[in-house]
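**Q** no FASTA, just this:
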């Protein structure tokens, strides 16, 4: 069972995954972007050909559907552990929605840093590897690259929240020890 949501992102019940897909019901998903320890690369993977939605396409986030009774934070930790076999602190970034003819959901987007090692869940991940952030930006904008459509849309939103410093590194919103005491969110690089 998974959480059933309304259009305003309130949990209104539970539903089977099969019914959610068949009726394109509102549900919740979590997406975690995994940066390398130095923040220069993002872990990208290809979904297996047996996935129930967007099989065989590339994705730059570990994530999935929020189970019944789970919070988005709990789901993000679980999905990262299941798909890539890692447990690292997560930083929440933003919430958004995605809607197309196959799916509609509320997305909670997170980021983390890890150099692995990664252990792929064989039912979900066919391949994985590192991609420079600048290259990923180009892939997200390339309609010919086989990226999951929700990842392309949410990726554009995620990229708009990042900027690049003069030396090519990513500068973004972080909750981090580099911030002054008492300031919970600030710019760090």
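**A** In hand now; what should we look at? It should be emphasised that the depicted structure is a prediction, and the values quoted were computed from it without experimental measurement. Residues are numbered from 1 along each chain as shown.
**Q** report the separation between the residue nearest in space to the middle of the chain and residue 144.
**A** Compute the mean C-alpha point of the chain, and by Cα atoms, centre = their mean the closest residue is residue 31, 2.0 Å away. For residue 31, the distance to residue 144 (Cβ to Cβ, to the nearest Å) stands at 22 Å. All C-beta atoms are positioned from the backbone trio N, CA, C, and that covers glycine.
**Q** what of residue 132?
**A** 19 Å.
**Q** more crowded one of these two?
**A** residue 132 (13 against 6; other Cβ atoms under 10 Å).
**Q** excluding chain neighbours, what is closest to the more buried one?
**A** The shortest distance from residue 132 to any non-neighbouring residue, by Cβ to Cβ, 6 or more residues apart in numbering, is to residue 41 (5.6 Å).
**Q** and for residue 19, the neighbour number?
**A** For residue 19, the count of nearby residues is 12 (other Cβ under 10 Å).
**Q** what does residue 107 give?
**A** What residue 107 shows, counting by other Cβ under 10 Å, is a neighbour count of 22.
**Q** ok, it touching residue 32?
**A** No - if you go by Cβ atoms under 8 Å, residue 107 and residue 32 don't touch, sitting 10.9 Å apart.
**Q** which ones are touching the closest residue to residue 51 other than its chain neighbours?
**A** Nearest in space to residue 51, with sequence neighbours left out and distances taken as Cβ to Cβ, 6+ apart, is residue 124 at 6.6 Å. Each residue near residue 124 by Cβ atoms under 8 Å, 6 or more residues apart in numbering is listed here: 47, 48, 51, 64, 82, 83.
**Q** am I right that the fourth one sits in a strand?
**A** Yes - with DSSP: H, G, I helix; E, B strand; the rest coil as the criterion, residue 64 is located in a strand.
**Q** for it, what are its contacts?
**A** By Cβ under 8 Å, 6+ apart, the contact list for residue 64 reads 29, 30, 75, 79, 82, 83, 124.
**Q** return the subset of those lying in strands.
**A** Within the contacts of residue 64, residues falling in strands by DSSP state E are 29, 30.
**Q** just send the contacts of residue 64 back as CSV, with pLDDT and distance to residue 112 too.
**A** As requested, the contacts of residue 64 are arranged in CSV below (pLDDT from 0 to 100; distance: Cβ to Cβ, whole Å):
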residue, pLDDT, distance to residue 112
29, 98, 17
30, 98, 12
75, 98, 14
79, 97, 12
82, 96, 15
83, 96, 12
124, 94, 18
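**Q** kindly indicate which of the contacts of residue 64 lies nearest residue 36.
**A** Each of the contacts of residue 64 was checked against residue 36 using Cβ to Cβ; the closest is residue 83, at 16.9 Å.
**Q** how about that closest one: what's its closest non-neighbour residue?
**A** Using Cβ to Cβ, 6+ apart, the closest residue to residue 83 is residue 62 (4.4 Å).
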